[in-house]
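only geometry, no sequence info:
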C-alpha cells in the first residue's frame with residue numbers, strides 16, 4: 001500500500017518539460033516508485049519516463065489534465081500499464097465521479113528554439 005508521497009526539492013519546469021533531481025531522493029528502501037503529471041492530458045509514458053521507471057521502483061503514476069479522480073494511470077518498471085486500486089483510509093474521502101475519458105499517446109515534437117538557438121521556455 002502506498003500511503004505517502006515524497007516531494008523532491010529542486011524540481012525545474014518549462015512549458016514542455018520538468019526535471020527533478022533524483023540525487024535529492026532520500027536513501028530509503030521504502031520508495032516504491034514515482035508520480036508526475038502530464039498537463040497535456042496524455043496518460044502514456046514518454047521514452048524518458050520509461051527510462052526513469054526502469055531505474056526507480058516498481059510502480060509509477062502519471063496524472064493528466066483535467067486532473068479529476070479518473071485522470072491517472074499506473075505503470076510497472078517497463079512502462080506497461082498495471083492496475084492500482086485506490087483505497088479509502090480513515091479520515092479521508094475519495095471524490096466520486098466517472099473516470100476521465102481515455103486520451104491517446106501524445107506526439108513528442110522537437111522543442112521550439114528562439115533566434116539564439118535556446119529552447120523557448122529557457123530563453
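Done, it's in. Remember, it's a predicted structure, so these values are computed and weren't measured experimentally. Numbers count the residues shown, from 1 in each chain.

Now for the closest residue to residue 2 other than its chain neighbours: which residues touch it?
Excluding its sequence neighbours, the residue lying closest to residue 2 (Cβ to Cβ, 6 or more residues apart in numbering) is residue 32, at 6.2 Å. No exception for glycine: its C-beta is placed from N, CA and C like everyone else's. Residue 32 makes contact with 2, 57, 58, 59, according to Cβ atoms under 8 Å, 6 or more residues apart in numbering.

Equivalent analysis for residue 41, please.
64, 65, 66, 71, 103.

got it, and residue 3?
Contacts of residue 3 by Cβ under 8 Å, 6+ apart are residue 89.

What segments of the chain are helices?
Assigned by DSSP state H, the chain shows helices spanning 47-55.

what stretches of it score poorly on pLDDT?
16, 91-123 (pLDDT under 70).

What's the local residue count around the closest residue to residue 26 other than its chain neighbours?
Closest residue to residue 26 apart from its sequence neighbours, by Cβ to Cβ, 6+ apart: residue 6 at 6.9 Å. As a burial measure, residue 6 scores 13 neighbours (other Cβ atoms under 10 Å).

Distance check, residue 6 against residue 30.
The gap separating residue 6 from residue 30 is 10 Å, by Cβ to Cβ, to the nearest Å.

what does residue 81 give?
24 Å.

Now do the strands in this protein.
12-13, 18-19, 33-38, 59-64, 72-75, 81-82 (DSSP state E).

Contacts only, for the residue most central in space within the chain.
By Cα atoms, centre = their mean, the chain has its centre lying nearest to residue 36, at 2.2 Å. Neighbouring residues of residue 36 by Cβ under 8 Å, 6+ apart: 18, 20, 49, 61, 62, 63.

Which of those residues ranks first by neighbour count?
The contacts of residue 36, ranked by neighbours (other Cβ under 10 Å): first place residue 62, 21 neighbours.

Just the terminal-to-terminal distance for stretch 63-79.
End-to-end span of stretch 63-79 (Cα to Cα, to the nearest Å): 14 Å.

Quick one: the contacts of residue 41 as a markdown table, columns for neighbour count too.
Shown next, in a markdown table, are those (neighbours: other Cβ atoms under 10 Å):
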| residue | neighbour count |
| --- | --- |
| 64 | 20 |
| 65 | 15 |
| 66 | 9 |
| 71 | 20 |
| 103 | 15 |
